[in-house]
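**Q** fold the following and give me the result.
(chains A and B)
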Number of protein chains: 2
Amino acid sequence: MKTALATQFGIDYPIFGFTPSQHVAAAISRAGGLGVLGCVRFNDPEELDEVLEWMHDNTDGKPFGVDIVMPAKIPTEGSHTDLDSMIPPEHRAFVERTLDDLGVPPLPDGDRVNAGVLGWLHSVARSHVDVAMTHADKYGQIALIANALGSPPSDVIATAHDHGVLVAALAGAKDHALHHVDAGVDIVIAQGYEGGGHTGEVTSMILWPELVDAVGDRAPVLAAGGVGSGRQIAAAIALGAQGVWMGTYWLTAAEYKLGAPEGHEGPSTVQQALLDASSRDTVRRRIYSGKPARLLKTKWTDAWDAQGAPEPLPMPLQNILVSEAHARLSSSSDPGVVAMPAGQIVGRLNTITPVAELIDDMVAEYKQAVVRMHKTLKG
Amino acid sequence: MKTALATQFGIDYPIFGFTPSQHVAAAISRAGGLGVLGCVRFNDPEELDEVLEWMHDNTDGKPFGVDIVMPAKIPTEGSHTDLDSMIPPEHRAFVERTLDDLGVPPLPDGDRVNAGVLGWLHSVARSHVDVAMTHADKYGQIALIANALGSPPSDVIATAHDHGVLVAALAGAKDHALHHVDAGVDIVIAQGYEGGGHTGEVTSMILWPELVDAVGDRAPVLAAGGVGSGRQIAAAIALGAQGVWMGTYWLTAAEYKLGAPEGHEGPSTVQQALLDASSRDTVRRRIYSGKPARLLKTKWTDAWDAQGAPEPLPMPLQNILVSEAHARLSSSSDPGVVAMPAGQIVGRLNTITPVAELIDDMVAEYKQAVVRMHKTLKG
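**A** Residues are numbered from 1 along each chain as shown, chains lettered A, B, ... in the order given. As a prediction, this is how the structure comes out:
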């Protein structure tokens, strides 16, 4: 599975694993891929700093990356109170009524209310960049900064390059990809419709080669959306990608403990929901962030699809509206009501498995697929 | 590009090309693939009989197939008048008003009114089977009968097998595929979300390997939805398919003349619309047949998305409602108003090219992709 991009990063396999869990990210890097830590959940830069220290201590000197959520244009921002006041009361009433109807208990800990939103804000994302650059200088392990929302601002790209860090950005359409490379982005992550979280309308089978052809020699393309097996990695390479970007697939890794109470044994509520879901059990809706994002289909998403439900608010208001609800849904013990971004690959999540085993299996299946394909050239 | 399925059919490449055009179907078979003639447009069995004679005369003895549209359960049927009476007047008024608003002229030839629907009816599809079986016996070239709507009725499968013809059926989900093999279908065509015409929600990247794993040794899988290059064929083989099923890709073949006036030079109105479209210019809607089908996004589909537009009717009523409109839209000279099933691969349709050249190019690109992939195993 050697590609030019794998060689450039000095990793065994061009498997880029996005995850909010430092335990999973570190395991991916240790197993020969590149773990990319999602930073949106770190409202406090010091918390990110500590986690990156932990990453350094647990990755045997191997490279890893960080993922931020930063729009190129600075969006509506302001104090929490300003933003709160922009949310219509009917929307709040709908959320409350829905949580009641679904039997979701209130949070035990009142101070977590609305905490979820801050990582989406420009100022907070910028603090993530600052912390990451400090760590890049300190240990030289941070090899990549990825942005999930458009091209990062030009000064962020310049700063990353000054610190020897490459910049990647997600794209769901050709014009996004071209904008990225024009802005100086080093790697385009082509995310198809089937992917979890924010996605466009064009599927991976169509989008990956389209973006490969569009950016040509200007940037390598990572294939995202729908990857959870060695055969799918082979398809990505067949279509011209230099590697894969995987997110959903790690949510049922044995190392993934986010959202589970301390000391919890077995799959968490969210993991149980993921294990139960088939490839048909996702929907793409604006209800998570204000922009279309693929989520697990649950009673929560059904409620927003029902007649009489309000239209979702624009970003960042929708996430402020639902962030307390998300916390309440996640801490409920009912897998039927979680609010969870997940791609259609969720149908392949059927066991809780350690990261190293997941990667070994994919690498073996990749080789089998390529050998099988090579035989079709004969005869 | 030799797979077991290609060997079984005695064809050079496992490229199955679905097309309503006998000229395109014959060219696909002559070029080493398997042309599959769409029969839904033949309301009169004698017309199909003549066209199959023409196919025999123009395929150098090579195998080809036919595609019918036949639900396993016999749906609401009846005389044209019965069905007509089930259409609400508000729906008719909306269609008339929309055509007026779009400046679409009436048909020059009144007797084509409503003709489009008959091929969807069970009795008409059954006549297609009868004609095809007669030809299978006569020349031994008809190697495949494919059904686009569920498993064919069991007696149709038995009849095909008696005549030495294999049976294929489209599936958009695992349970459909398992139902097909239980019913005796020989080949499962896994059609992803991005495909043209009737599609499900699960994309090709996810669906193809899911169905390959689900049916296992019981049936080979053809990959449909999103194929229009050698790299995409390589992806299909990587994901475990035994070949590809392509539809949209042939619509801008030089041999495709349907919908163009006799003696017309250059691209037809529909072909111009296809050449102009990007991968983002399709929508999946119930407005064509009553079931979700992917269409080119045009002013016609926009009108059905606008506020105040009626909900589409169930199959077969919706197609009866719009069949005259389809004829009028197609004979208009405005590429902005066509009603045309097309997959997201339409973004790759940028030239009018002969079938043989399209196939040669895909075969060459397939080889390049496999050789490139094989190199990733070294080092």
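
**Q** drop to CA atoms for contacts and neighbour counts, all remaining ones
**A** Will do.

**Q** which ones are touching the closest residue to chain B within the stretch 201-350 of chain A?
**A** Closest approach between the stretch 201-350 of chain A and chain B, counting by C-alpha to the nearest C-alpha: A:Ala235, at 4.1 Å. For A:Ala235, the contacting residues are B:234-236, B:238-239, by C-alpha atoms under 8 Å, 6 or more residues apart in numbering or on different chains.

**Q** of these, which belong to helices?
**A** By the criterion of DSSP state H, membership of those in helices covers B:234-236, B:238.

**Q** may I ask which of those has the most neighbours?
**A** Of all the ones in helices among the contacts of A:Ala235, the highest neighbour tally under other C-alpha atoms under 10 Å in any protein chain shown goes to B:Ala234, namely 33 neighbours.

**Q** need the pLDDT of that residue.
**A** Here, the pLDDT recorded for B:Ala234 equals 98.

**Q** contacting residues around it?
**A** Going by C-alpha under 8 Å, 6+ apart, B:Ala234 touches A:235, A:238-239, A:373, B:366, B:369-370.

**Q** quick one: the helices in the stretch 1-150 of chain A, in order.
**A** Applying DSSP state H, counting those that start in this stretch to the stretch 1-150 of chain A gives helices spanning A:4-9, A:22-30, A:45-57, A:80-84, A:89-101, A:122-139.

**Q** quick check: buried residues in the fifth one?
**A** Buried residues in helix A:89-101, counting neighbours by 16 or more other C-alpha atoms under 10 Å in any protein chain shown, are found at A:91, A:94-95, A:98-99.

**Q** do the last one as well
**A** Within helix A:122-139, the residues scored as buried using 16+ other C-alpha under 10 Å are A:122, A:124-133, A:135-136.

**Q** of these, list those near chain B.
**A** Applying C-alpha under 8 Å from any C-alpha of the partner chain, the subset of the buried residues of helix A:122-139 adjacent to chain B is empty.

**Q** up against chain B, what does chain A have?
**A** Within chain A, the positions lying close to chain B (C-alpha under 8 Å from any C-alpha) are A:1-3, A:194, A:201-206, A:209, A:226-227, A:231-232, A:234-240, A:279-280, A:344-345, A:367, A:369-371, A:373-374, A:376-379.

**Q** now, those residues that are in helices?
**A** Using DSSP H, the subset of the residues of chain A next to chain B located in helices is A:204-206, A:209, A:231-232, A:234-238, A:367, A:369-371, A:373-374.

**Q** which ones are touching A:Lys378?
**A** Neighbour list for A:Lys378: B:1-2 [criterion: C-alpha under 8 Å, 6+ apart].

**Q** can you check the pLDDT for A:Ile142?
**A** Confidence at A:Ile142, expressed as pLDDT, is 98.

**Q** give me the below-cutoff pLDDT ranges for the stretch 101-250 of chain A.
**A** Within the stretch 101-250 of chain A, the segments meeting pLDDT under 70 span A:109-121.

**Q** show me where it has its strands.
**A** In the stretch 101-250 of chain A, the segments counted as strands under DSSP state E, counting those that start in this stretch are A:142-147, A:166-171, A:187-191, A:197-198, A:221-224, A:243-246.

**Q** just to revisit the earlier point, mind checking how far the residue of the stretch 201-350 of chain A closest to chain B is from A:Pro354?
**A** Using C-alpha to C-alpha, to the nearest Å, A:Ala235 is found at 24 Å from A:Pro354.

**Q** what do you get for A:Val156?
**A** 34 Å.

**Q** just to revisit the earlier point, just the buried residues out of the residues of chain A next to chain B, in ChimeraX syntax.
**A** Entered in ChimeraX, the line below selects the buried ones among the residues of chain A next to chain B, by 16+ other C-alpha under 10 Å:
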select /A:1,2,3,194,201,202,203,204,205,206,209,226,227,231,232,234,235,236,237,238,239,240,279,280,344,345,367,369,370,371,373,374
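
**Q** rewinding a little: averaging pLDDT over each of the helices of the stretch 1-150 of chain A, which comes out lowest?
**A** helix A:80-84 (a mean of 72).

**Q** what helix or strand is A:Pro261 on?
**A** Assigned by DSSP states H and E, A:Pro261 belongs to neither a helix nor a strand.

**Q** and it, how many residues sit next to it?
**A** A count of nearby residues for A:Pro261, using other C-alpha under 10 Å, gives 11.

**Q** contacting residues for it?
**A** Contacts of A:Pro261 (C-alpha under 8 Å, 6+ apart): none.

**Q** try A:Ile145
**A** Applying C-alpha under 8 Å, 6+ apart, the residues contacting A:Ile145 are A:65-68, A:160, A:165-168.

**Q** swap in 6 Å and give it another go.
**A** Neighbouring residues of A:Ile145 by C-alpha atoms under 6 Å, 6 or more residues apart in numbering or on different chains: A:65-67, A:167.

**Q** for B:Ser21, state which of the ones in helices among the contacts of A:Ala235 is nearest.
**A** Nearest to B:Ser21 among those: B:Ala236, at 24.9 Å, using C-alpha to C-alpha.

**Q** can you give me phi and psi for the residue lying closest to A:Leu296 once chain neighbours are set aside?
**A** Leaving aside its chain neighbours, A:Leu296 sits nearest to A:Thr282 (4.4 Å; criterion: C-alpha to C-alpha, 6 or more residues apart in numbering or on different chains). According to degrees, to the nearest 10, the main-chain angles of A:Thr282 amount to phi -130, psi 160.

**Q** got a pLDDT number for A:Thr282?
**A** Confidence at A:Thr282, expressed as pLDDT, is 98.

**Q** what do you get for A:Ala260?
**A** Turning to A:Ala260, the model gives it a pLDDT of 83.

**Q** and it, how many neighbours?
**A** Look at A:Ala260: counted by other C-alpha under 10 Å, it has 18 neighbours.

**Q** contacting residues around it?
**A** By C-alpha under 6 Å, 6+ apart, the contact set of A:Ala260 is A:Ser268.

**Q** show the backbone phi and psi for it.
**A** With angles defined as degrees, to the nearest 10, A:Ala260 sits at phi -100, psi 140.

**Q** swap in A:Glu262?
**A** Per-residue torsions, A:Glu262: phi -50, psi 130 (degrees, to the nearest 10).

**Q** can you tell me how far it sits from A:Ser268?
**A** 11 Å.

**Q** more neighbours: which of these two?
**A** Taking neighbours as other C-alpha under 10 Å, A:Glu262 and A:Ser268 compare with A:Ser268 leading, 21 against 8.

**Q** residues contacting that one?
**A** Contact analysis of A:Ser268 by C-alpha under 6 Å, 6+ apart lists A:Ala260.

**Q** burial check on the residue lying closest to A:Ser229 once chain neighbours are set aside, number of neighbours?
**A** Leaving aside its chain neighbours, A:Ser229 sits nearest to A:Met362 (5.3 Å; criterion: C-alpha to C-alpha, 6+ apart). Using other C-alpha under 10 Å, A:Met362 has 19 other residues around it.
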